[in-house]
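A.B. asks: Sequence first, then the predicted structure:
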Amino acid sequence: FEETAYLIIHGKLPNDAELAAFKEKLVTYRELPRTIRTIGSLPLEQYSPMAALSIGIDTMRTILTGGTSPKRPRTPVDTDADTVAEIGANGEELEYKAKGNTEDNLEIAYRLVAGLGTITAAIARIRQGRLPIEPDPELGFAANFLYMTTGQRPSKTAERLMDISLILHMDHGMNASTFAAMLVASTQSDLFHCVGAGIGALSGPLHGGANEAVVHMLEEIGGPENVEDWFRKARAEKRKIMGFGHRVYKTYDPRARVLKPLAELVTKDNPEITRLYETALKLEEVVIKELGQEKKIFPNVDYYSGLIYKGLGFEPCMFTPIFAVSRVVGWVARCLEYLENNRIFRPRAVYSGPVGNEYIPLEERE
Ligand code: CMC
């Protein structure tokens, strides 16, 4: 995760020293005690996890920048020792500068990359009525994320599964959430708001929300023997088959090719996932046969990722936040790049409504 995140943000693979420094930053910035304390006081179990994640980002922004006016000079007032990491390693104030790939912006990008994992893990715990767990500085990003969620240090296999899944979701061209984040960046709003916009766009079922929808769909189908009937009914009802199709790929999504054997791996000793996986295999076969040639519909990245996350112990409602934990790297990298030569996004629309309407006084309107 760390190596690929560095590559995407900086455009080059890190050398030894750069990687070590980057990892150290992420370890420091993943400590968000005040943010977690603040969001922990809300009835988070009543929020959708993506809404809770947005609140977490806004809370982090408020704590780091001093609230609504990020450029306002701010004196660190908190004397809690555990808040130091949140207000800067040396307790200095963070004055936000919204222009380009400045050092401040880069630091905030790092903080967001580190912070989304901590906030997401805390949301997962709070939803289960458990207390959030502090990060373990000895663990890498993927292992620590699993640890903060489950409370147990993961096996090497679980760590690698998480790491690969996060890497595969990290960036993907001008996808909807990246576009949303860049649109906000182009107004010279700050990176926290950019990430908030990305979270909003990612939550939809046609985008990041598909991974959760896939697992619900497989549960609804109930088993491989029901796939043919279910598919025919879904087609008759003009339902989209979740986890299939892509705006860019008109072939098998290469990320799904990597994830499929990993999903098979998690079925070992896990009968519930085995049944879902067998259903998924059968559905893939039917969809490719019926829609592959004709409509170029094949599995996408979201088809097998949910099974992996379920196998790692996550609730389905946490799958899309996990996507955000990784995609935040692409969001901030592209926002920083765009800001180097920024111009506000301002598309024109073609008006196609009626023309020549007369103003009708209110009392005469039907
Ligand atoms: N199931 C059934 N039919 C489909 C599907 C599907 N999953 N995807 C596309 N089609 C049909 C679509 O209705 C259209 O039919 P027609 O020609 O009869 O109007 C045809 O295939 C071509 O679709 P398209 O216009 O090229 O698709 P799009 O680019 O507008 O939408 C998509 C892309 C990903 C939103 C869509 O495929 C979809 O809704 N898939 C299901 C949701 C999903 O899995 N989303 C995850 C996307 S990948 C990762 C991510 O972004 O998070």
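C.D. replies: Cool, got the structure.

A.B. asks: near the ligand, which residues of this structure?
C.D. replies: 175, 206-208, 210, 240-247, 295, 297, 300-302 (CB under 6 Å from any ligand atom). (Each C-beta comes from the backbone N, C-alpha and C, glycine too.)

A.B. asks: Please pick the buried ones from those residues.
C.D. replies: Buried subset of the residues of the chain next to the ligand (neighbour count, 16 or more other CB atoms under 10 Å): 175, 207-208, 210, 241-246, 297, 300-302.

A.B. asks: hang on, the earlier thing: from the residues of the chain next to the ligand, which land in strands?
C.D. replies: Using DSSP state E, no member of these falls in strands.

A.B. asks: could the buried ones among the residues of the chain next to the ligand be laid out in a markdown table, adding pLDDT?
C.D. replies: Listed next are these as a markdown table, based on pLDDT from 0 to 100:
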| residue | pLDDT |
| --- | --- |
| 175 | 97 |
| 207 | 94 |
| 208 | 94 |
| 210 | 94 |
| 241 | 97 |
| 242 | 96 |
| 243 | 97 |
| 244 | 97 |
| 245 | 97 |
| 246 | 96 |
| 297 | 96 |
| 300 | 96 |
| 301 | 95 |
| 302 | 94 |
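
A.B. asks: what sits against the single nearest residue of the stretch 1-150 of the chain relative to the ligand?
C.D. replies: The ligand sits closest to residue 50 of the stretch 1-150 of the chain, with a gap of 12.9 Å, by CB to the nearest ligand atom. Counting by CB atoms under 8 Å, 6 or more residues apart in numbering, residue 50 touches 199-200, 202-203, 320-321, 324.

A.B. asks: Those in helices, which ones?
C.D. replies: Of the contacts of residue 50, the ones assigned to helices by DSSP state H are 199-200, 202, 320-321, 324.

A.B. asks: So which of those wins on neighbours?
C.D. replies: residue 320 (29 neighbours; other CB atoms under 10 Å).

A.B. asks: tell me the contacts of that one?
C.D. replies: So residue 320 contacts 49-50, 202-203, 208-209, 211-212 (CB under 8 Å, 6+ apart).

A.B. asks: give me that answer again for 7 Å
C.D. replies: 50, 202-203, 208-209, 211-212 (CB atoms under 7 Å, 6 or more residues apart in numbering).

A.B. asks: Could you single out the nearest of those to the ligand?
C.D. replies: Nearest to the ligand among those: residue 208, at 4.6 Å, using CB to the nearest ligand atom.

A.B. asks: Setting the sequence-adjacent residues aside, check what's closest to that closest one.
C.D. replies: residue 202 (3.7 Å; CB to CB, 6 or more residues apart in numbering).

A.B. asks: Can you give me every residue that contacts that neighbour?
C.D. replies: Residues in contact with residue 202 (CB under 7 Å, 6+ apart) are 177, 208, 320, 323-324, 327.

A.B. asks: what pLDDT does the residue lying closest to residue 318 once chain neighbours are set aside get?
C.D. replies: Residue nearest to residue 318 in three dimensions, not counting chain neighbours: residue 124, with 5.1 Å by CB to CB, 6+ apart. For residue 124, the model assigns a pLDDT of 97.

A.B. asks: What helix or strand is residue 124 located in?
C.D. replies: helix 103-127 (DSSP states H and E).

A.B. asks: Over to residue 280?
C.D. replies: Assigned by DSSP H and E, residue 280 falls in helix 271-287.

A.B. asks: State the distance from the closest residue to the ligand within the stretch 101-250 of the chain to residue 300.
C.D. replies: Using CB to the nearest ligand atom, the single residue of the stretch 101-250 of the chain nearest to the ligand is residue 245, 2.3 Å away. Distance, residue 245 to residue 300, by CB to CB, to the nearest Å: 7 Å.

A.B. asks: what's the answer for residue 344, then?
C.D. replies: Taking CB to CB, one finds residue 344 at 32 Å from residue 300.

A.B. asks: do the same with residue 229
C.D. replies: 24 Å.

A.B. asks: Also residue 292?
C.D. replies: 13 Å.

A.B. asks: Likewise for residue 212?
C.D. replies: 14 Å.

A.B. asks: shaky segments in this protein?
C.D. replies: 67-103 (pLDDT under 70).

A.B. asks: which residue is nearest the centroid of it?
C.D. replies: residue 324 (0.7 Å; CA atoms, centre = their mean).

A.B. asks: Might one say that it is in contact with residue 113?
C.D. replies: No. Taking contacts as CB atoms under 7 Å, residue 324 lies outside contact range of residue 113: 11.1 Å.

A.B. asks: Ignoring the adjacent residues along the chain, who's closest to residue 127?
C.D. replies: residue 45 (5.1 Å).

A.B. asks: Same check on residue 38?
C.D. replies: Closest to residue 38 by CB to CB, 6+ apart is residue 59, at 5.0 Å.

A.B. asks: Contact partners for that neighbour?
C.D. replies: Applying CB under 7 Å, 6+ apart, we find residue 59 in contact with 35, 38-39.
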